[in-house]
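A.B. asks: based on what follows, work out the 3D shape:
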Amino acid sequence: MTSAPIEGSGPRRAILGKLPRLSRPDGSPIRVLLVDDERALTNLVRMALKYEGWDIEVAHDAAEAVEKYRTHSPDLLVLDIMLPDMDGVSVLAELRNSGPYVPTLFLTARDSVHDRVTGLTAGGDDYMTKPFSLEELVARLRGLLRRSAHLTPPDDETLVVGDLTLDAASREVTRAGEEVSLTSTEFELLRLLMRNQRKALSRSDILRQVWNYDFGGRSSIVDLYVSYLRKKIDADREPMIHTVRGVGYLLRPAP
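C.D. replies: Below is the predicted model of the structure:
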């Protein structure tokens, strides 16, 4: 674990300008479960998220996390990968098997591509590496909420590109009739590509439209999500997602 997990001068720096407050559909506060064994970190993050008007529960190990997940029904899960009694990837697998889908952001001191892909493969919607800034954490969580199906009004948009179909109302994606399971971030990335079929989108365009935040120009997160989306959409099939050298990515029907 790193000894300096948070950058910045304090929780008030986490507020990104005068952004509108987000709440549950019934107007009650957003519920967040924060799981990390570093108490100094959880104290600072809890203060920053409470400043957003959210209801925060904290757990410092896997057993406590599972108990609070089941009793408090969070809207967001912030989960450290390195916990004292079980790794965060295994915790998420257990939670996903025993309860409804909850958008999840992994915190990790590890920054290798393998570790990040492992988190995404386990069902994580986003990840941040330590040390991190409170401003960016709040921005990432606000983005996850906007992409979360159960916190946004349903729409009836249906997109079809070749044998790929996306149904926004049911949040279902199929290719050649086979269902493709996507996280909320992957779903919004695919929707953007399908809405702009045959159009090359730059990494910065994708960051703004999917994440609503530019991450200080660190576009590698786009490359990582595209690579994992390809494994789900294009696996053992003619590819539909293509790299446009020097620009970004586009999606077009398979030949």
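A.B. asks: tell me the domain ranges of the chain?
C.D. replies: Domain ranges of the chain: 29-147, 156-249, per the TED database.
A.B. asks: now do the same contact list for Phe27.
C.D. replies: In this structure residue 27 is Gly, not Phe. Counting by Cβ atoms under 8 Å, 6 or more residues apart in numbering, Gly27 makes contact with nothing. (Glycine included, C-beta is placed from N, CA and C.)
A.B. asks: and if you look at Val78?
C.D. replies: Here Val78 is in contact with 32-36, 45, 104-105, 107, 137, 141 (criterion: Cβ under 8 Å, 6+ apart).
A.B. asks: in a markdown table, list the domains of the chain along with distance to Leu22 and mean pLDDT.
C.D. replies: Shown next, in a markdown table, are the domains of the chain (distance: least, Cβ to Cβ, whole Å; pLDDT from 0 to 100):
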| stretch | distance to Leu22 | mean pLDDT |
| --- | --- | --- |
| domain 29-147 | 5 | 86 |
| domain 156-249 | 12 | 89 |
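A.B. asks: any chance of those in TSV, plus distance to Ser23?
C.D. replies: Listed next are the domains of the chain as TSV, based on distance: least, Cβ to Cβ, whole Å:
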stretch	distance to Ser23
domain 29-147	6
domain 156-249	18
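A.B. asks: winner for burial among those?
C.D. replies: domain 29-147 (a mean of 19; mean count of other Cβ atoms under 10 Å).
A.B. asks: endpoints of that domain, how far apart?
C.D. replies: With Cα to Cα, to the nearest Å as the measure, domain 29-147 spans 17 Å from end to end.
A.B. asks: now do stretch 90-104
C.D. replies: For stretch 90-104, the end-to-end distance is 13 Å (Cα to Cα).
A.B. asks: what's it in contact with?
C.D. replies: So stretch 90-104 is contacted by 35, 62, 65-66, 69-70, 74-79, 83, 122-126, 144-145, 147-148, 183-184 (Cβ under 8 Å, 6+ apart).
A.B. asks: run the last query once more with 6 Å
C.D. replies: 62, 65, 69, 74, 76-77, 79, 122-125, 144, 148, 184 (Cβ atoms under 6 Å, 6 or more residues apart in numbering).
A.B. asks: just the ones of these in strands?
C.D. replies: 76-77, 79 (DSSP state E).
A.B. asks: between those, which sits nearest Leu41?
C.D. replies: Nearest to Leu41 among these is Leu79, at 12.6 Å by Cβ to Cβ.
A.B. asks: that closest one and Gln209, how far apart?
C.D. replies: Relative to Gln209, Leu79 is positioned 26 Å away (Cβ to Cβ, to the nearest Å).
A.B. asks: any idea how far Val226 is from the residue of the chain most remote from its centre?
C.D. replies: Centroid-distance maximum for the chain: Pro255 at 31.6 Å, with Cα atoms, centre = their mean. To Val226, Pro255 is 20 Å away according to Cβ to Cβ.
A.B. asks: then Met240?
C.D. replies: Per Cβ to Cβ, Met240 is found 12 Å from Val226.
A.B. asks: Leu207 too?
C.D. replies: 12 Å.
A.B. asks: so what's the gap between stretch 225-236 and the chain middle?
C.D. replies: Centroid separation for stretch 225-236 versus its chain: 16 Å, with Cα atoms, centre = their mean, to the nearest Å.
A.B. asks: adding distance to Asp26, write the contacts of stretch 90-104 out as TSV.
C.D. replies: Conversion of those to TSV gives the following (distance: Cβ to Cβ, whole Å):
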residue	distance to Asp26
Ala62	30
Ala65	25
Tyr69	20
Pro74	15
Leu76	16
Leu77	20
Leu79	25
Ala122	30
Gly123	26
Gly124	27
Asp125	23
Leu144	19
Ser148	15
Ser184	20
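A.B. asks: nearest to Arg21 among those?
C.D. replies: Leu76 (14.7 Å).
A.B. asks: that closest one bridge partners, please.
C.D. replies: Counting by DSSP bridges, Leu76 forms beta bridges with Val32.
A.B. asks: dump the residue contacts of it.
C.D. replies: By Cβ under 6 Å, 6+ apart, Leu76 lies in contact with 32, 103, 141.
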